[in-house]
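1. test case, fold it:
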Amino acid sequence: DVSVAGDEIVVTNGVYATGGRAVFGTMTNRVAVNKAIAVRSVNGPAFTIIQGRQLAGTTNGNGAIRCVYLTNGAFLSGFTLTNGATRSTGDSDREQSGGGLWCVSTNASASNCVMILNSARINGGGAYSGKLIACTLLTNAAINGGGAYSPSASNNCILNNCTLTGNAASSVGGGAADGILNNCTLIGN
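-> Here you go, the predicted model:
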């Protein structure tokens, strides 16, 4: 909260599974990066975990918690984002999409992150928009873009050197829906 644009926050090992903040409506984010800052883990995704909250029996709904929200210019590196979920009502993009990671645009980016077992009611179980670099998206689910979802050509989801495995969508794009994938590996989506 006391950081200013350009700051870097370094996070030590641990499972971060408490607290949260709403940025839009009543959708709670475990971590809400609403300034152009960099948030990095000390020892990478195997040791630094941001855990959202899924509802028993339904996964998405009131009380669900998304893992991370990133605004323009924000950067996240070296985290596992797991068990994030979205609301099942409210704004379809801002409250029902991006269970693991929700980015304002491709000016928000994540690198060396693992997004696993996240769910979105509508779009982007693992990630919604943003630029992902050397990330792994595993067993995430949504109606569209189980792994990653791109909301529009002007607000794309760009994946560079990412691996998408075992993600599921009930409509389109088990691994990814729309977006741009460069040098990515897709397996069993």
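2. counting neighbours, what do you get for C162?
-> C162 is flanked by 28 other residues according to other Cβ atoms under 10 Å. Backbone N, C-alpha and C define where each C-beta goes, glycine included.
3. now swap in D1 and tell me
-> Number of residues near D1 (other Cβ under 10 Å) recorded here: 6.
4. oh, and call the first residue 547 from now on, that's how I've got it
-> Sure thing, new numbering starts at 547, so read that last one as D547.
5. who's in contact with the residue nearest in space to the middle of the chain?
-> With distances taken as Cα atoms, centre = their mean, the chain has L647 as the residue nearest its mean C-alpha position (1.3 Å). Taking Cβ atoms under 8 Å, 6 or more residues apart in numbering, we find L647 in contact with 612-614, 616, 622, 627, 630, 656, 659, 661, 672-674, 676.
6. now do L616
-> By Cβ under 8 Å, 6+ apart, the residues touching L616 are 579, 622, 647-650, 654-656, 676.
7. so for it, what's the nearest residue that isn't a sequence neighbour?
-> Nearest-residue entry for L616: A654, 3.8 Å, with adjacent residues in sequence omitted and distances by Cβ to Cβ, 6 or more residues apart in numbering.
8. now the one you found: how far from A723?
-> 18 Å (Cβ to Cβ, to the nearest Å).
9. swap in S655?
-> Taking Cβ to Cβ as the measure, S655 falls 19 Å from A723.
10. got it, and N735?
-> Using Cβ to Cβ, one gets 11 Å for the distance from N735 to A723.
11. the two: which has the busier surroundings?
-> Neighbour comparison, N735 and A723: the larger count goes to A723, with 22 against 18 (by other Cβ under 10 Å).
12. look up the closest residue to that one, ignoring the ones flanking it.
-> By the measure of Cβ to Cβ, 6+ apart, the closest residue to A723 outside its immediate chain neighbours is G691, 3.4 Å from it.
13. how about N653?
-> Counting by Cβ to Cβ, 6+ apart, N618 is the residue found nearest to N653 once chain neighbours are left out, at 4.2 Å.
14. who's in contact with that neighbour?
-> 582, 650-651, 653-654.
15. what of N729?
-> Contacts of N729 were listed using Cβ under 8 Å, 6+ apart, and they are 706-707.
16. quick check: phi and psi on it?
-> phi 50, psi 40 (degrees, to the nearest 10).
17. likewise for G671?
-> phi -60, psi -50.
18. circling back: looks like the residue nearest to L616 contacts S675 (just checking).
-> Yes. Contact criterion Cβ atoms under 8 Å: A654 and S675 qualify, at 7.4 Å.
19. quick one: the helices in the chain?
-> If you assign secondary structure with DSSP state H, the chain ends up with no helices.
20. now, which of the contacts of L647 lie within strands?
-> Restricting the contacts of L647 to those inside strands, with DSSP state E as the criterion, leaves 612-614, 616, 622, 627, 656, 661, 673-674, 676.
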